[in-house]
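[1] give the three-dimensional model of this entry:
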Amino acid sequence: MARLNADQLSAHLQRGLAALYLIFGDEPLLALEAADAIRAHARHSGYAEREVFTAEAGFSWQTLLASGNSLSLFSARRIIEIRIPTGKPGTEGGQALQDYCARLPDDTMTLITCPKLDKQAQATKWFKALEQAGTLIPVYPVERAKLPQWIGQRLAAQNQRADSATTQFLADRVEGNLLAAHQEIQKLGLLFPAGPLNFDQIREAVLDVSRYDVFNLSDAMLAGDAGRMARILDGLKGEGVAPTLALWALTQEIRTLARLKQGQRKGASLPQLLREMRVWDSRQSLVQRALSRLSETRLIAGLKQAAALDRMIKGLAQGDVWDELLQLGLGVAK
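    Numbering: from 1, shown residues only. Got it, this is the predicted structure:
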């Protein structure tokens with residue numbers, strides 16, 4: 001029926017609720033926010049009952065079909081939520097989704113969530129059935145060049161604002177991690193009143209104690225102090241810090257080093273590259289020591305490890321996240 005970008009959803013909901021939504025993509029924050037907005041609007045519209053089905057190993061798709069064919073027990077309207085963590089419902093699930101779409105239950109809003117679906121998945125019959133029966137909301141990561149603008153919009157939503165240089169600084173600190181950006185923006189809303197924010201306020205807030213150990217982690221990796229890095233990582237785990245933040249701290253440093261190495265290979269001077277990459281004066285000696293120790297090949301391998309770890313954190317791959325974080329850091333520290 002229709003495809004919407006995540007930023008078009010609010011206007012769509014004001015016009016009314018569709019019978020079925022499919023949210024899919026590899027940006028968990030935007031997917032979560034889209035699903036929350038749909039649920040909230042449905043509850044406000046009188047959809048009081050909610051059933052959740054998760055298509056994991058052993059799940060019976062007949063349970064979903066039976067629920068769709070049954071009447072609501074407690075309310076006139078209900079929400080049926082179908083979560084497909086792998087994005088692969090299988091032969092039975094694919095057929096069940098087609099059958100479900102062919103006879104959408106009355107007085108029911110259906111919300112289906114999946115991870116990123118490639119072209120092959122989007123060519124399947126079950127996906128085409130969902131596309132024809134409902135509204136699709138693909139969620140994509142915010143492009144790096146657009147991240148400062150995205151941060152500015154989020155600040156405006158909580159009645160705060162900052163100049164372009166300040167939003168650029170914040171974007172540099174949270175590059176590639178919308179969840180971290182979201183958390184920092186919320187923190188600014190709690191720390192400071194409505195109105196303009198200056199650079200010093202944001203810099204101090206980003207570097208405060210709640211994130212200090214995460215930055216210590218990346219500093220130890222850059223310094224080649226494997227023992228200290230392992231101790232900090234173990235402490236972060238014990239304190240319940242989200243592994244997403246630890247991965248972000250390590251990855252942004254590895255990415256910076258890789259870009260510096262690539263620039264040097266192409267003949268650019270290191271001082272110029274450090275300015276372009278916005279490496280602060282206080283950190284330049286630390287970064288230079290790491291550059292002298294590491295090869296471009298090792299850094300590219302580290303970025304590939306980080307990408308695999310990101311999939312593991314999102315539940316798309318199996319493994320011990322904290323052990324893999326340690327291996328990632330050691331690969332750069334040694």
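
[2] quickly find the element holding the residue nearest to A133 when sequence neighbours are not counted.
    Closest residue in space to A133, ignoring its immediate chain neighbours: C101 at 3.9 Å, by Cβ to Cβ, 6 or more residues apart in numbering. Where C-beta positions appear, they are placed from N, C-alpha and C, glycine not excepted. In the assignment (DSSP states H and E), C101 maps to helix 90-102.

[3] what helices or strands is that helix leaning on?
    helix 61-69, helix 125-133 (3 or more Cβ pairs under 8 Å, 6 or more residues apart in numbering; DSSP states H and E).

[4] quick check: angle from that helix to helix 125-133?
    Regarding helix 90-102 and helix 125-133, their directions subtend 20 degrees when assessed with axes from the mean of the first three to the mean of the last three Cα atoms, to 10 degrees.

[5] and after helix 90-102, which helix or strand comes next?
    The first helix or strand that comes after helix 90-102 along the chain, using DSSP H and E, is strand 108-114.

[6] next one: phi and psi at I79?
    Summarising the backbone geometry of I79 under the convention degrees, to the nearest 10, its torsions are phi -110, psi 130.

[7] specify the beta-bridge partners of it.
    Going by DSSP bridges, I79 is paired in beta bridges with R50, M109.

[8] how about the residue nearest to A133, what does it touch?
    C101 makes contacts with 20, 129-130, 132-134, as judged by Cβ atoms under 8 Å, 6 or more residues apart in numbering.

[9] top of the residues you listed by neighbour count?
    Neighbour tally across the contacts of C101 (other Cβ atoms under 10 Å): the maximum, 26 neighbours, falls on L130.

[10] show the pLDDT at that residue.
    According to the predicted model, the pLDDT of L130 comes to 95.

[11] what do you get for D281?
    What the model reports as pLDDT for D281 is 73.

[12] tell me which residues touch A317, please.
    Contacts for A317 (Cβ under 8 Å, 6+ apart) come out as 308, 311.

[13] can you confirm it is in a helix?
    No - with DSSP: H, G, I helix; E, B strand; the rest coil as the criterion, A317 is coil rather than part of a helix.

[14] roughly how far apart are the residue nearest to A133 and G94?
    11 Å (Cβ to Cβ, to the nearest Å).

[15] give me phi/psi at P138?
    Torsion angles, degrees, to the nearest 10, at P138: phi -80, psi 140.

[16] if we can go back for a sec, make a markdown table out of the contacts of C101 and add distance to Q153.
    A markdown table is the format used below for the contacts of C101 (distance: Cβ to Cβ, whole Å):
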| residue | distance to Q153 |
| --- | --- |
| L20 | 29 |
| A129 | 35 |
| L130 | 30 |
| Q132 | 33 |
| A133 | 32 |
| G134 | 27 |
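
[17] ok so, going back, run the chain-centre distance for the helix holding C101.
    From the chain centre to the centre of helix 90-102 is a distance of 28 Å (Cα atoms, centre = their mean, to the nearest Å).

[18] which stretches of this protein form strands?
    Listed from the start of the chain, the chain has strands (DSSP state E) covering 2-3, 20-25, 49-54, 78-83, 108-114, 135-139, 160-161, 195-196.

[19] the helix holding C101 vs strand 78-83, what angle?
    Orientation note: helix 90-102 sits at an angle of 160 degrees relative to strand 78-83 (the same axes, to 10 degrees).

[20] angle of helix 90-102 against helix 61-69?
    Taking the same axes, to 10 degrees, one finds helix 90-102 and helix 61-69 inclined to each other by 10 degrees.

[21] if we can go back for a sec, out of the strands of the chain, which gets nearest to Q262?
    Closest to Q262 of the strands of the chain, according to Cβ to Cβ: strand 20-25, at 28.8 Å.

[22] what sits up against the closest one?
    Applying Cβ under 8 Å, 6+ apart, the set of residues contacting strand 20-25 from outside is 31, 34-35, 38, 87, 101, 104, 109-117, 130-131, 133-140.

[23] direction included, what does that strand pair up with?
    In the sheet, strand 20-25 lines up against strand 108-114 (parallel), strand 135-139 (parallel) (DSSP bridges).

[24] the last one - what's its average pLDDT?
    On average, the pLDDT along strand 135-139 is 95.

[25] for that strand, C-alpha coordinates in CSV please.
    In CSV, the C-alpha atoms belonging to strand 135-139 read as follows (Å, rounded to 0.1, in the frame of the first residue of the first chain):
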residue,chain,number,x,y,z
THR,A,135,2.4,0.2,5.3
LEU,A,136,6.2,-0.4,5.1
ILE,A,137,8.6,1.6,7.2
PRO,A,138,12.3,0.9,6.3
VAL,A,139,14.7,2.5,8.8
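
[26] give me the distance from it to the chain's centre.
    Strand 135-139 has its average C-alpha position 16 Å from the chain's average C-alpha position, going by Cα atoms, centre = their mean.
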